[in-house]
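Colleague: missing the sequence, but the structure's below:
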């Protein structure tokens with residue numbers, strides 16, 4: 001075997017006991033190097049001083065037992081699920097231990113083997129006896145005398161005993177290579193365990209009380225280093241990246257404001273003042289604008305675009321979907337009518353000829369405002385003098401996409417907007433490098449939407465209510481989760497639902513259908529007809545979730561509510577309640593899981609988007625809240641931004657305080673910190689600017 005001097009970058013296969021076969025199993029779990037292995041931390045621990053006699057087991061009790069295998073066999077249920085069952089016996093009695101979907105254990109767990117088993121005691125009504133549903137198991141080893149045993153995530157073919165032995169070998173040989181990169185002052189101030197000791201404790205604890213401090217060190221490390229990266233990026237953008245200094249008053253602005261058919265709310269005026277302050281600062285604006293559905297973010301975006309035009313600069317406005325981009329095009333063009341603006345649409349469905357025309361007038365500066373989708377960041381798109389970038393529904397885009405569009409201008413000002421309220425912990429993680437503004441006031445005349453859950457028995461009553469509302473002049477959305485009927489999922493599909501409603505339920509009214517597969521020009525026609533009140537009921541998929549604005553639509557019926565995420569439900573509900581009339585949202589379906597019931601409960605209890613978002617984040621976790629690919633969430637070693645929000649706040653405060661005193665991290669004691677930030681997040685945060 002060759003000698004490696006790569007230290008923590010040594011491939012796992014060169015650790016004694018690993019080899020090519022085991023290293024491939026590690027790779028399944030994202031472990032390729034010694035460093036990966038040292039940070040492959042236990043998911044739980046067993047205190048083997050707390051072994052329960054089998055005779056003392058009670059239903060619903062979480063226990064750890066130790067016993068000998070009397071007999072064992074793999075079974076298959078009537079529904080085709082595989083089970084592995086073993087009768088485990090100690091001096092006090094015996095119990096059947098059950099493993100689900102692990103039939104391969106038939107080759108591993110044999111008669112007379114002694115096992116430690118952690119699990120939950122469950123009363124089996126069929127057999128009339130207690131069973132133990134297994135969570136973890138391990139073979140008894142006389143040579144292993146530790147009482148606190150780490151339990152690691154596993155993959156098929158890799159077992160706890162083997163894994164622990166390999167990690168112990170790695171610790172013995174490589175722990176001395178791990179270098180502490182936190183300054184001693186930071187360690188003392190926050191009472192942190194030093195890094196090598198924390199790793200040693202997490203893998204080989206001698207006492208359960210030690211584990212929490214070691215975990216806290218790694219969690220603080222995760223969050224502090226990332227916040228330091230965000231702070232470095234924010235500091236660079238603010239202090240070193242000059243932005244165009246705008247003139248924020250003038251005849252064009254006055255004419256635009258005078259032409260508005262409404263007055264800005266107090267919250268809108270406050271946010272616009274913050275935007276103007278950014279544009280006057282001489283530094284490139286990087287601001288996140290949060291506002292619940294219907295709060296009036298678009299008009300602030302248009303106002304900012306007017307300021308850019310007033311200063312001879314182009315604006316690019318990027319939306320996540322073509323239907324939203326086209327709607328922005330229609331609405332914004334109305335706002336800007338008569339002000340001499342050239343507004344251009346750039347979306348993927350344009351013909352090559354249409355795209356070439358758009359590219360030309362964008363590059364020669366004829367286009368003042370370009371509204372589009374991802375098509376805006378394609379290489380062929382060149383601006384003459386891009387000065388303002390507006391990103392709508394930012395959570396649908398990644399950090400790098402935002403940066404790519406901004407790079408098409410020279411120190412462009414960036415305004416990021418979202419109608420999805422962002423819980424504090426997620427905002428600090430995703431948008432910690434941005435200044436933030438919140439529109440926390442709805443335009444006058446808006447009445448909160450009344451939301452009701454409709455059982456199948458009450459469906460006809462809901463239909464009767466909808467007929468009454470249509471006769472009173474209102475319009476209705478009916479939302480379905482699928483376009484075509486699925487054989488696997490018993491769901492109402494939009495096509496079939498539209499035909500059924502038109503032919504059976506609402507014969508006297510006009511029913512239309514819109515979904516993602518409808519061509520762009522047909523979508524536009526349908527939406528215009530709906531806006532012009534030629535359509536009474538619009539059956540749709542979630543294509544209407546974002547941006548559709550029809551003030552006369554006052555009722556929404558959502559089918560199979562259990563199939564929608566909470567954020568999507570809130571966004572859908574936001575399509576109504578946009579006019580002066582009282583609006584109603586009916587939730588239909590059969591929520592059975594605790595998560596689905598919690599989503600419905602949240603929708604019934606509040607219209608507050610931030611409260612909805614907090615519930616959604618707790619139910620789904622940050623990765624699913626936006627989707628990791630879209631949001632670019634960092635992969636933390638141990639931190640959970642929901643559970644660890646108190647540590648996140650302390651880590652952020654500590655990181656930004658450190659940068660206040662040493663913005664470039666050039667002081668001797670901070671140089672290792674800077675190296676660690678760049679090592680982990682250089683690409684993620686576009687931190688090449690800091691080299």
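Modeller: Done, it's in. Remember, predicted model here, so these are calculated numbers, not experimental data. Numbers count the residues shown, from 1 in each chain.

Colleague: switch to C-alpha atoms for all contacts and neighbour counts from now on
Modeller: Fine.

Colleague: For the stretch 51-200 of the chain, which residues score under the pLDDT cut-off?
Modeller: Scanning the stretch 51-200 of the chain for pLDDT under 70 picks out 143-146.

Colleague: residue ranges of the helices in it, please?
Modeller: Under the criterion DSSP state H, counting those that start in this stretch, helices of the stretch 51-200 of the chain are mapped to 160-174, 184-189, 195-203.

Colleague: cool, the stretch 401-550 of the chain as well?
Modeller: Going by DSSP H, counting those that start in this stretch, the stretch 401-550 of the chain shows helices at 424-430, 459-471, 494-500, 520-531.

Colleague: Just to check, residue 348 is in contact with residue 378?
Modeller: No - if you go by CA atoms under 8 Å, residue 348 and residue 378 don't touch, sitting 10.3 Å apart.

Colleague: what residue of the protein is the furthest out?
Modeller: When distances are taken from the C-alpha mean of the chain, residue 91 lies farthest, 50.4 Å away, according to CA atoms, centre = their mean.

Colleague: Report the separation between it and residue 65.
Modeller: Computed as CA to CA, to the nearest Å, the residue 91 to residue 65 distance reads 11 Å.

Colleague: Quickly list what's touching both of those two.
Modeller: Common contacts of residue 91 and residue 65, defined by CA atoms under 8 Å, 6 or more residues apart in numbering, comprise residue 53.

Colleague: and residue 552, how many residues sit next to it?
Modeller: Residue 552 has 21 neighbours, counted by other CA atoms under 10 Å.

Colleague: what about it, distance to residue 443?
Modeller: Distance, residue 552 to residue 443, by CA to CA: 16 Å.

Colleague: And for residue 91?
Modeller: Applying CA to CA to residue 91 and residue 443 gives a distance of 73 Å.

Colleague: what about residue 271, which helix or strand?
Modeller: In this structure, residue 271 sits in helix 266-280 according to DSSP states H and E.

Colleague: From the chain's centroid, how far away is that helix?
Modeller: 28 Å (CA atoms, centre = their mean, to the nearest Å).

Colleague: Residue 37 is in contact with residue 166, isn't it?
Modeller: No - contact criterion CA under 8 Å: residue 37 and residue 166 do not qualify, at 9.1 Å.

Colleague: which secondary structure elements does the longest strand seen in the chain contact?
Modeller: Using DSSP state E, we find that the single longest strand of the chain is strand 62-76. The contact analysis (3 or more CA pairs under 8 Å, 6 or more residues apart in numbering; DSSP states H and E) places strand 62-76 against strand 82-89, strand 114-124.

Colleague: Serialize the ones you listed to JSON lines and add fields for mean neighbour count.
Modeller: Formatted as JSON lines, the helices and strands packed on strand 62-76 follow (neighbours: other CA atoms under 10 Å):
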{"stretch": "strand 82-89", "mean neighbour count": "21"}
{"stretch": "strand 114-124", "mean neighbour count": "19"}
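
Colleague: With respect to residue 320, which of those strands lies nearest?
Modeller: strand 82-89 (43.6 Å; CA to CA).

Colleague: by contact count, what packs against that closest one?
Modeller: strand 62-76, strand 94-100.

Colleague: most neighbours per residue, which of the helices of the stretch 51-200 of the chain?
Modeller: The highest mean neighbour count among the helices of the stretch 51-200 of the chain, using mean count of other CA atoms under 10 Å, belongs to helix 195-203: a mean of 20.
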